[in-house]
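Asker: with the input below, show me the fold.
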Amino acid sequence: MYSYSFAIKIINQKINGLDFTFDKVEVEEMGDGVILFKKHGFPTEEVACEKMYEQFFKFKMFFLEREIPHLDWFCLDFSLREFTRKLNRSYPRKFIAVHSYEPLVYEEGKNEGWNGAEIGRAVDLSDLGTSILSEEIIDVADANVFEALTVLTLAVSEPFPKSKLILSMTVIEILSGKQKKQSNSILTAIDHLKDEVRSMTIDTDVKDKLVNILNNGRKESISSKCYEFIKSTLGESDANDFKKIYNARSKNVHGDNTIKSWANDSELVYFSNKAYSLAFRLISVFVKGRSSD
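Answerer: Sure, this is the predicted structure:
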C-alpha cells in the first residue's frame, strides 16, 4: 500500500481549527505556520500520486478563496527546492519516508522523518547606507518607468521562475512603448489583400477571420517593437538575447504545462534570470542618476 504527503506554510497568520480529520487526511502542524498533510491506504503508487495532487489543489483553492497567504512546493525558490531535494536524498530512502514541502508518494511501513528546510535567505544590506547617502538625484518623470519599476518589484518577489520570466518580459514591453503602425506601403498592401479576401468565394466566417489577421498586421509585432527598442538602447547583442528569452517565454506560456515542467526546468530558471537582468538594465537607462550641484 502507498501513502502521500505534502506541506504548506501559512504566512503571518495564526492557525486555529486544525484538530480535525477530513476524508481520512492527517493534518499536523509542524511549527512556524507549516502544515503537513498525509493520507494512507492507496493500492498503487499511481493512484496515490493522482489523489495527492487532487487533494493538493483542493487545499490550494481553500486558501485562495479565503485569501490566506501561503507558500507551497511550487511557489518556493528554485535553489530552495534543490536544497530540500539534496537533504531528502541524504536519508536512506529505502527505509525512511522524508516529509517536506515537496509532494511525496511513498510505500507504507517506512520510518518517517521531517525535512523542514527553512524558507528564506539571509540578505546582506551592509552597502544600503552608501546608496541612501549618495548625492545622485534619481529622475523618474516617465509614468511608464514608474510602472515598470513596480512590475519588476513583483518579479523579484516571485519565486516561481515562469512568473518571474513573464513579469520581467512585461517590464520590457512597458518600457518599449506603444506599437507603431507599419509603413504606408505595407498598409496599402494589407488593404489590397483584404479586398482580395473579400472577393473570394469562401465562407463569411473564414473571410472575417482572414481580414482580422490582416488587420493585426497593421502594427508591428510586440516582439519586433521590443527587439528594436533594446537594440537602440543597449545594443544588438542584448537584442539578440531578447529573441532567445522571448522564444523561451512563448515555449513556457504556450507549450508544456505539466506539473513537472513548473518546478524542475533549470532552463526556465536560466531564462527567467536573464529576463530579469535585461529588464533591470533597461530601467537603469531611464532612471538616470545625476550629481547635484
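
Asker: which residues touch the strand or helix carrying Tyr53?
Answerer: Element membership of Tyr53, judged by DSSP states H and E, is helix 45-65. With contact meaning C-beta atoms under 8 Å, 6 or more residues apart in numbering, helix 45-65 is reached by 2-4, 6, 8, 10, 23, 25, 37, 39, 42, 70, 72, 103, 105, 107, 259. For every residue, glycine as well, the C-beta is placed using N, CA and C.

Asker: I'd like the average pLDDT over it.
Answerer: Across helix 45-65, pLDDT averages out at 86.

Asker: just checking, Gly177 touches Asn144?
Answerer: Yes - here Gly177 lies in contact with Asn144, judged by C-beta atoms under 8 Å, at a distance of 7.1 Å.

Asker: measure stretch 252-267 end to end?
Answerer: The first and last residues of stretch 252-267 sit 10 Å apart, counting by C-alpha to C-alpha, to the nearest Å.

Asker: can you give me the strands for the chain?
Answerer: Under the criterion DSSP state E, strands of the chain are mapped to 2-10, 26-31, 34-42, 70-71, 96-99, 104-107, 111-114, 136-139, 288-291.

Asker: give me the number of residues near Ala148?
Answerer: Ala148 has 25 neighbours, counted by other C-beta atoms under 10 Å.

Asker: quick check: pLDDT value at it.
Answerer: What the model reports for Ala148 is a pLDDT of 84.

Asker: what do you get for Glu236?
Answerer: pLDDT for Glu236: 94.

Asker: got it, and the one 5 residues further on?
Answerer: The predicted local distance difference test score for Asp241 is 94.

Asker: contacts only, for it.
Answerer: So, once contact is read as C-beta under 8 Å, 6+ apart, Asp241 ends up touching 274, 278.

Asker: Lys207 too?
Answerer: Counting by C-beta under 8 Å, 6+ apart, Lys207 makes contact with 197-198, 200.

Asker: where does the stretch 1-150 of the chain have low pLDDT?
Answerer: Residue ranges of the stretch 1-150 of the chain with pLDDT under 70: 17-23, 93, 117-142.

Asker: mind redoing it with 90?
Answerer: Applying pLDDT under 90 to the stretch 1-150 of the chain picks out residues 8-37, 53-98, 100-102, 109-150.

Asker: again, but for the stretch 151-293 of the chain
Answerer: Along the stretch 151-293 of the chain, the parts satisfying pLDDT under 90 run over 151-164, 174-225, 228-229, 232-233, 247-270, 280, 282-293.

Asker: of the contacts of Lys207 - the most surrounded one?
Answerer: In terms of neighbour count, Val197 stands highest of the contacts of Lys207 at 17 neighbours, by other C-beta under 10 Å.

Asker: I figured that one hits Asn212, correct?
Answerer: No - using C-beta under 8 Å, Val197 is not in contact with Asn212; the gap is 10.3 Å.

Asker: if we can go back for a sec, just the buried ones among the contacts of helix 45-65, please.
Answerer: If you count burial by 16 or more other C-beta atoms under 10 Å, the buried members of these come out as 2-4, 6, 8, 10, 25, 37, 39, 42, 70, 72, 103, 105.

Asker: just give me the closest of those residues to Cys226.
Answerer: Cys226 lies nearest to Asp72 out of those, by C-beta to C-beta, at 32.8 Å.

Asker: if I pick the closest one, what's in contact with it?
Answerer: Contacts of Asp72 (C-beta under 8 Å, 6+ apart): 6-9, 56, 60, 101.

Asker: quick one: contacts for the residue nearest the centre of the chain?
Answerer: Nearest to the geometric centre of the chain sits Ser163, at 1.7 Å (C-alpha atoms, centre = their mean). Neighbour list for Ser163: Ala155 [criterion: C-beta under 8 Å, 6+ apart].

Asker: how much space between it and Ile222?
Answerer: From Ser163 over to Ile222 the distance is 19 Å, taken as C-beta to C-beta, to the nearest Å.

Asker: just Phe271 next, same as before
Answerer: 17 Å.

Asker: who has more neighbours out of the two?
Answerer: Phe271 (25 against 14).
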